[in-house]
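need a structure here:
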Amino acid sequence: MAMIRPLFFGLIVLAVLSTGGYFGWKQLVGGAHVDATPQMVKVKRETFVHEILEKGNVESAINVDITCEVESMGGITIIKIVEEGTEVKKGDLLVEFDSSSFSEAVNKQTIAVLNSQARMAQSKVDVDNAELDLEEYKEGKFKELQKTAENKILKNKEAMRVNEDKLRYNSNLLAKGYITESAVEADEFAYRQAENDLQVAEMELNNLREYTQKKMINSLNAKIAATQAKLASDEKSLELERDRLAHLEKQLEKCKVHAPQDGQVVYAPPRWGDESMLIREGLKVFERQQVIKLPDPAKMQVKGLVNEASIRLVKIGDPATIELEAFPNQIYNGAVRTVNDYPEPTGWNTQGMAREYQTTVTILDPPAGIKPGLTAKVKIIVNVIPSALTLPIQAVFEYDKKMFCVLFKDGKWDKVEVKTGPTNDKQVVIESGLEEGDEVVLNAWQNREKLNLPKIDKEEYSGPLKNEFDNQSGETPTAGPPGGGPGGRGPRPAAEKPAETTTEESTGKPAGDSTTDSPKEVPSEKTEAKSETKTDAKE
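Below you'll find the model as predicted:
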C-alpha cells in the first residue's frame, strides 16, 4: 500500500504535465510564480448603446372583453361558441346562448302591450266624452233649463194677472149683489195660487243659476279629471309594458354575441381556477361573467418588469427592440408606452428583495400571426453615445472608490486610474485616463493582486467595502469590478471574496516577511496556489 501511493501520485503528475504543461505543474505543487502573458483588449471608439433587458408577455393594447349580458338568476347555457384561436371579423357571431325562455317572454309581453294599448284608446275616448259633456251642459243643457224656468215665470205672471182682473171684476159684482161671496173667494184663491207659482218659478230659476249650474260644472270637471288621470295611468302602463317588451327583445338580441372588432378569439380563464368551469358549449354562465377576450392583433404590446436599479433610466417614448421566442431570429421595433410610478406588490416570501416596476412597450411592427401570451425579450435603449471610448466591463475594477485598469507591458504589471461613464451589461465608457488603441488586461479583477495597491485604513475608509472590515480582522478590504458584477458600482458579494494572501500587494510587505502587523501565520505556496485557483473558478 505504501508503494502504491507514490506511484498513483506520480501518474497524476504525468497527466497534469501532459495536459497543462508547466502551468499545470505550478498549480499542483505551488511552484514559483511565472507570469504568463494575460489576455489583452484594446480601447475602442464606437457607438455605445445602453440597453435595459426585460422579459415579459405579449398582450393586445386594445382588448375587448366579451361578457354575458343576459339576465338570468340561475345562469344561461352556451349552445354555440366559436373555437378558441379563430380569427374573426367585426360582426361575426361569437357566442349564442339559449334564448327559448326569452322568446316565450317576448310573445307574452307583446300581448300585454296590445291590451294596454286598447285600454289607453278607451281612456282617450272617455276624456273626449267628458269634455263634450261639459261643453254640452254649458252651451246647451243649462241654457235650455234656464229658458224653461223663465217661461214658467212668464206663465205664472200671466195667470196671476188674469186672476187679479177676475177678482177685481167679481168683487164689483159682489158689491152690487149680482154674485155670491163664495164666488169671490174662489177667485181670490186662484190669484193667491198664481202668485205662489210665480215665486216658485223665480226661485227655481235662481237655484238653477246659483247652485245647479255650478254643481253640474264641478261634476263634469271632476269627470274630465278622472278620465284624464285614467288616460295618464294607461299611458304610463303602456310605456312600462313597451319598455318591458323592449328589454326582453334586447335580452333576446344579447343571446347572440357578435364581434365588435377584428381579433383572435381567446377563451376567458375558468372562474376560481375550476376546470369544470372551462368555457365550452353546454356550460352555464352568469350575467357579467367574462366569456371571451378579443385582442386586436394589429395593436400589440409587451408587458414586463424593470428592476428598481434601472427604472430611473427608463422614460416614456424610449425606443426598444423586441425578440419573440415564437419568431426566432427576428427583431421588431418598439417604444416604451407606460412606466408605472409604483412598484409591483410583494408577498410575505419576497420581503427584502429588489422591487420591480411594470413597464409596457408597444410593438410598432407586429408580425402576422402574433398571439397574446407569447414570451418576449425586450431591450429598452436608454442611452446612445455615437462616438465613445469603450472597454469590456471585465477590464475595469473599483478600489477605494476609484476605477482602475491593469496594464501589462514587457513582462511588467502596472495600473492606470480611469474615469468611467455610462455602463451596460457588456461595456463601460472611458471618459479619461486612456486613449483609443491603448491595450489593457481583460480580466482586471483576477489580476488585481499583481498591482501595488495602497493599503486602505479601515478607520478612514468610508467606501462601499467598509462593512467588510468586520469579517477580515482589520485587513485591507477586497475590491471588485464596477458594481460587483456587470454594469454595477457596489462591492462584490461576500461569496465572491478572493482568498486571503500575504503578498506585497495586499499588506505592503514582501511575502514571507516575519515583521507583519499581526501574528497571523503565513500560508504555504501550495495553499496560496489552491486559494488562487479556487478564487479564479468562482470568478
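
for the protein, which spans come out with low pLDDT?
Scanning the chain for pLDDT under 70 picks out 1-35, 273, 347-352, 456-539.

Looks like Ala376 contacts Leu324 (just checking).
Yes. Taking CB atoms under 8 Å as the definition, Ala376 is a contact partner of Leu324 at 5.3 Å. (Each C-beta comes from the backbone N, C-alpha and C, glycine too.)

Please enumerate the shared neighbours of the two.
Val58 (CB atoms under 8 Å, 6 or more residues apart in numbering).

Looking at those two, which is more packed in?
Each of Ala376 and Leu324 has its neighbours counted (other CB atoms under 10 Å); Ala376 has more, 26 against 21.

In contact with the more buried one, which residues?
If you count contacts by CB under 8 Å, 6+ apart, Ala376 has them with 55-58, 302, 304, 322-325.

Could you do Glu158 as well?
Glu158 touches nothing, counting by CB under 8 Å, 6+ apart.

so which helix or strand takes in it?
Assigned by DSSP states H and E, Glu158 belongs to helix 142-176.

Could you give me the ChimeraX syntax to select whichever of the contacts of Ala376 are buried?
Remark: buried members of the contacts of Ala376, expressed as a ChimeraX selection using 16 or more other CB atoms under 10 Å:
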select :56,58,302,304,322,324
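
now, among the contacts of Ala376, which is nearest to Asp296?
Closest approach to Asp296 among the contacts of Ala376 (CB to CB): Val58, at 12.4 Å.

Please save the CA atoms from the helix or strand containing the closest one in PDB.
Per DSSP H and E: Val58 is located in strand 44-60. Extracted C-alpha coordinates of strand 44-60, given in PDB (Å, rounded to 0.1, in the frame of the first residue of the first chain):
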ATOM      1  CA  LYS A  44     -12.200  51.100 -29.000                       C
ATOM      2  CA  ARG A  45     -14.000  54.100 -30.300                       C
ATOM      3  CA  GLU A  46     -17.500  53.000 -31.200                       C
ATOM      4  CA  THR A  47     -21.200  53.700 -30.700                       C
ATOM      5  CA  PHE A  48     -22.100  52.900 -27.100                       C
ATOM      6  CA  VAL A  49     -25.600  51.700 -26.600                       C
ATOM      7  CA  HIS A  50     -27.100  51.300 -23.100                       C
ATOM      8  CA  GLU A  51     -29.900  48.800 -23.100                       C
ATOM      9  CA  ILE A  52     -32.000  47.500 -20.300                       C
ATOM     10  CA  LEU A  53     -33.200  44.000 -20.700                       C
ATOM     11  CA  GLU A  54     -36.600  42.800 -19.500                       C
ATOM     12  CA  LYS A  55     -38.800  39.800 -20.200                       C
ATOM     13  CA  GLY A  56     -42.500  39.800 -20.500                       C
ATOM     14  CA  ASN A  57     -45.500  38.500 -22.300                       C
ATOM     15  CA  VAL A  58     -47.300  39.800 -25.400                       C
ATOM     16  CA  GLU A  59     -50.800  41.200 -25.000                       C
ATOM     17  CA  SER A  60     -53.000  43.400 -27.000                       C
END
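
Of all the residues in that strand, which ones are buried?
Those would be 48-52, 54, 56, 58-60, for strand 44-60 by 16+ other CB under 10 Å.

Next: stretch 364-373.
Going by 16+ other CB under 10 Å, stretch 364-373 has these buried residues: 366, 370-372.

quick one: terminal-to-terminal distance for stretch 76-85?
24 Å (CA to CA, to the nearest Å).

Pull out the buried residues from that stretch.
76, 78, 81-82.

Export the residues you listed as TSV, with columns for secondary structure and distance to Lys402.
TSV is the format used below for the buried residues of stretch 76-85 (DSSP: H, G, I helix; E, B strand; the rest coil; distance: CB to CB, whole Å):
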residue	secondary structure	distance to Lys402
Ile76	strand	73
Ile78	strand	70
Ile81	strand	67
Val82	coil	66
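
For these, give me a markdown table that also has distance to Lys90.
Shown next, in a markdown table, are the buried residues of stretch 76-85 (distance: CB to CB, whole Å):
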| residue | distance to Lys90 |
| --- | --- |
| Ile76 | 24 |
| Ile78 | 21 |
| Ile81 | 18 |
| Val82 | 14 |
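
dump the residue contacts of the nearest residue to Glu325 once chain neighbours are set aside.
Closest residue to Glu325 apart from its sequence neighbours, by CB to CB, 6 or more residues apart in numbering: Thr375 at 4.7 Å. Contacts for Thr375 (CB under 8 Å, 6+ apart) come out as 55-58, 324-326.

Likewise for Leu93?
Residues in contact with Leu93 (CB under 8 Å, 6+ apart) are 80, 82, 256-259.

next one: Thr180
Leu174.

residues near the nearest residue to Met160 once chain neighbours are set aside, how many?
Take Met160 and drop its neighbours on the chain: the residue closest to it by CB to CB, 6+ apart is Ala194, 3.8 Å away. Other residues near Ala194 come to 20 when the count uses other CB under 10 Å.

go on, the one 4 residues further on?
Other residues within reach of Leu198, judged by other CB under 10 Å, total 20.

wait, doesn't it sit right on Leu154?
No. Shown here, Leu198 and Leu154 do not form a contact pair, counting by CB under 8 Å, at 9.3 Å.

rewinding a little: could you check the angle whatever helix or strand comes next after the helix holding Glu158 makes with helix 142-176?
Later in the chain than helix 142-176, the nearest helix or strand by DSSP H and E is helix 181-207. Comparing the axes of helix 181-207 and helix 142-176 via axes from the mean of the first three to the mean of the last three CA atoms, to 10 degrees yields an angle of 160 degrees.

Tell me the buried residues in helix 181-207?
Result for helix 181-207 [16+ other CB under 10 Å]: buried residues 184, 187-188, 190-191, 194-195, 197-198, 201-202, 204-205.
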